[in-house]
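J.: What follows is a predicted structure for the sequence shown.
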Amino acid sequence: MAQADMTPPEGAAADWTVPQDWSAYTPGEHAMWDRLFERQAAMLPGRVVPEFLEGLDILRMTRPGIPDFAELSERLMKRTGWQVVAVPGLVPDRVFFEHLANRRFVAGRFIRRPEQIDYLQEPDVFHDVFGHVPLLTHPAFADYMQAYGEGGLRADGLGSIDHLARLYWYTVEFGLMRHGNDLRLYGAGIVSSFGESVFALEDASPNRIGFDLKRLMRTQYRIDDYQQSYFVIDSFEDLLRKTSDVDFGPIYRELETESDVAPDAVLAQDRVYHRGSQDHARAKMPC
Ligand SMILES: C[C@H](O)[C@H](O)[C@H]1CNc2nc(N)[nH]c(=O)c2N1
Ligand SMILES: N[C@@H](Cc1ccccc1)C(=O)O
Ligand SMILES: [Fe+2]
């Protein structure tokens, strides 16, 4: 969770944004982007939803180098009215929600160093821009992200951010989608990760379970390893319908009296696409 301190750091505006300062990126930083991009571009066809690849194309993100947020914003604005703005790192929840509610996606401007190629603690420009921005070209997904921001401001007033944040985690960050008889990736945390883009779809270890709003909001998640459960939506239109058309107020009240669900649990009510062996998680447990 982001810091409770609401004062922006030195050099940031009142809304926590900073200039991207695109011309300050070094050749080494652009080369790092290209290396990450090529690795994922080889991995994703046939695994990611086609809307993601279309988004890369629409935004001309297939060109080398770290994208210029001003140019991404110009193309996105024409399509779905979104913009990409730079921030110094994680921002407080309310600041984050306020940007999304106004169709501004906040992205880190820094890029990981070579020794962090496979793992880093805070989202960098590769995760934020490669992972999240392509789908903002899709109208239903773009509307979902705005609705989530508005829902966040409301959840904050109701003391329910933790429940709502699980919805973001299991959709925007780690979501899967049905594609004919197959599953495809769309979550940004998966598509920006070399290891998890294979694990989430092909490994026997994690559960793959049909989307159910209340079930997701009860489910705890891991921030230190691959997910133990992934949730599967039918389409972005279906996700939008099952969230933005629903009043979360009564659901938050019900959730206060219901127990959390463990990250690896399978419930009797679940629509199970795959029951995980949890071998990966078990192998990592200290013994
Ligand atoms: C609950 C909320 O969705 C989440 O914790 C927010 C907080 N601040 C953030 N700040 C940035 N820059 N990026 C993020 O994804 C988030 N996530
Ligand atoms: N409909 C939700 C808001 C929301 C929409 C879409 C995604 C997430 C949350 C509410 O009543 O608060
Ligand atoms: Fe993210």
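T.: All right, it came through fine. Ligands and ions are numbered 1, 2, ... in the order given.
J.: What segments of the stretch 151-287 of the chain are strands?
T.: Ranges of strands in the stretch 151-287 of the chain, per DSSP state E, counting those that start in this stretch, are 176-179, 182-185, 207-210, 229-233, 272-274.
J.: swap in the stretch 1-150 of the chain?
T.: Remark: strands assigned in the stretch 1-150 of the chain by DSSP E, counting those that start in this stretch are 83-87, 104-108.
J.: and of those strands, who's closest to ligand 2?
T.: Each of the strands of the stretch 1-150 of the chain was scored for nearness to ligand 2 using Cβ to the nearest ligand atom, and the closest is strand 104-108 (15.1 Å). Placement of C-beta: from N, CA and C, glycine included.
J.: which parts of the protein sit against ligand 1?
T.: Residues of the chain found near ligand 1 (Cβ under 6 Å from any ligand atom) are 1, 2, 87, 90, 91, 93, 96, 106, 123, 161, 165, 168.
J.: And the most centrally placed residue in the chain, how close does it get to residue 260?
T.: Against the mean C-alpha coordinate of the chain, by Cα atoms, centre = their mean, the closest residue is residue 173 at 2.6 Å. As for residue 173, its distance to residue 260 is 18 Å (criterion: Cβ to Cβ, to the nearest Å).
J.: For the stretch 151-287 of the chain, which residue gets nearest to ligand 2?
T.: Closest point on the stretch 151-287 of the chain to ligand 2, by Cβ to the nearest ligand atom, is residue 151, at 2.7 Å.
J.: out of everything not next to it in sequence, what's closest to the residue nearest to the centre of the chain?
T.: Leaving aside its chain neighbours, residue 173 sits nearest to residue 189 (4.0 Å; criterion: Cβ to Cβ, 6 or more residues apart in numbering).
J.: if we can go back for a sec, now, of the residues of the chain next to ligand 1, which are buried?
T.: Neighbour counting with 16 or more other Cβ atoms under 10 Å marks 87, 90, 91, 93, 96, 106, 123, 161, 165, 168 as buried within these.
J.: on that earlier part again, the strands of the stretch 1-150 of the chain into TSV, with extra columns for distance to ligand 2?
T.: TSV is the format used below for these (distance: least, Cβ to the nearest ligand atom, whole Å):
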stretch	distance to ligand 2
strand 83-87	20
strand 104-108	15
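J.: will you turn the residues of the chain next to ligand 1 into JSON lines that also has distance to residue 134?
T.: Listed next are these as JSON lines, based on distance: Cβ to Cβ, whole Å:
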{"residue": "1", "distance to residue 134": "26"}
{"residue": "2", "distance to residue 134": "24"}
{"residue": "87", "distance to residue 134": "19"}
{"residue": "90", "distance to residue 134": "22"}
{"residue": "91", "distance to residue 134": "22"}
{"residue": "93", "distance to residue 134": "25"}
{"residue": "96", "distance to residue 134": "20"}
{"residue": "106", "distance to residue 134": "16"}
{"residue": "123", "distance to residue 134": "15"}
{"residue": "161", "distance to residue 134": "27"}
{"residue": "165", "distance to residue 134": "23"}
{"residue": "168", "distance to residue 134": "17"}
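J.: so the residue nearest to the centre of the chain touches residue 186, yeah?
T.: No - counting by Cβ atoms under 8 Å, residue 173 stays clear of residue 186, with 10.1 Å between them.
J.: hang on, the earlier thing: closest to residue 249 out of the strands of the stretch 151-287 of the chain?
T.: Across the strands of the stretch 151-287 of the chain, residue 249 has its closest neighbour in strand 229-233 (22.4 Å, Cβ to Cβ).
J.: What pairs with the closest one, parallel or antiparallel?
T.: Take DSSP bridges as the rule and strand 229-233 pairs in its sheet with strand 176-179 (parallel), strand 207-210 (parallel).
J.: residues in the stretch 51-200 of the chain within reach of ligand 2, list them.
T.: By Cβ under 6 Å from any ligand atom, the part of the stretch 51-200 of the chain that sits against ligand 2 consists of 144, 147, 148, 151, 154, 167.
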